[in-house]
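Q: the sequence isn't on hand, but the structure is:
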């Protein structure tokens, strides 16, 4: 199963700088190990306020218990709180079960997480929504071919009002907004877009999964 984890780190006041450096170094090493094992799929930085230390991670684990063991094994967990969102398969996911960096588009460098929430206006005929839903599937296939739609997941009903989460690529914020407005279901759902920047330990970053030295 896949999970989106929001990892927020708060270093206690007075912690020596060399202690922080040591933990961060060990965290990077452990992240590479987990990426090599297929547990850490992607890492990003969302927009941050001054002084914030937060990371978004896409993880793969057999179940919630295994995910907790994985997160607990990471050195930064001593200063970190983790918020977990379970992700389920979506019928319009362009590459179910594959690595989310496989659909890279050279003309769409920026990445975005987009949350979709159903917002069907009162009185809308059910047939109109059904027609838009069918057209949405075709649009998703085309956008995936273009490298814009990378992954799409369903969010469990017990995790809030949002119904789906997508990983997208576009040239910039304006292009991403135009893509979302073009979706057939746009009139029937609300969207929340989070721009992402690369994390230095993201497995998709060249060199971030370099071969570890064998133990001495």
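A: Happy to help now that I have it. What you are looking at is a predicted structure, and each value in this text was computed from that prediction instead of being measured.
Q: helix/strand/coil for the residue most central in space within the chain?
A: With the centre of the chain defined as its mean C-alpha position, the nearest residue by CA atoms, centre = their mean is residue 58, 5.2 Å away. With DSSP: H, G, I helix; E, B strand; the rest coil as the basis, residue 58 sits in strand.
Q: quick one: it from residue 17, how far?
A: When CB to CB, to the nearest Å is the yardstick, residue 58 and residue 17 sit 30 Å from each other. Heads up, the C-betas are built off the backbone N, CA and C, glycines and all.
Q: circling back: contacts only, for the residue nearest to the centre of the chain.
A: 2-5, 40-43, 100, 167 (CB atoms under 8 Å, 6 or more residues apart in numbering).
Q: can we see that at 10 Å?
A: 2-5, 40-44, 87, 99-100, 113, 151, 153, 167, 202-203 (CB atoms under 10 Å, 6 or more residues apart in numbering).
Q: now do the same for it: its pLDDT.
A: With respect to pLDDT, residue 58 scores 98.
Q: that one pairs with what?
A: residue 4, residue 42 (DSSP bridges).
Q: same question, residue 113
A: Here residue 113, judged by DSSP bridges, has bridge partners residue 167, residue 194.
Q: count of residues packed around it?
A: Neighbourhood size, residue 113 [other CB atoms under 10 Å]: 19.
Q: name the nearest residue to residue 34, sequence neighbours excluded.
A: Among residues not flanking residue 34 along the chain, residue 40 sits closest, at 4.3 Å (CB to CB, 6 or more residues apart in numbering).
Q: can you tell me which residues contact the one you found?
A: With CB under 10 Å, 6+ apart, residue 40 has these contacts: 5, 30-34, 57-60, 70, 74, 201-203, 208-209.
Q: for this structure, what are the low-confidence residue spans?
A: Across the chain, the ranges flagged by pLDDT under 70 are 96-108, 159-160, 206-216.
Q: show me the strands in it, by range?
A: 2-9, 40-45, 54-60, 80-89, 110-118, 149-154, 162-170, 189-198 (DSSP state E).
Q: let me see the domain layout of the chain.
A: The chain breaks down into these domains under automatic domain parsing: 2-87, 89-198.
Q: picking that back up, now the buried members of the contacts of residue 40.
A: 5, 30-32, 34, 57-60, 70, 74, 201-203, 208-209 (16 or more other CB atoms under 10 Å).
Q: what is the nearest of those residues to residue 180?
A: Among these, residue 58 lies closest to residue 180 (CB to CB), at 20.5 Å.
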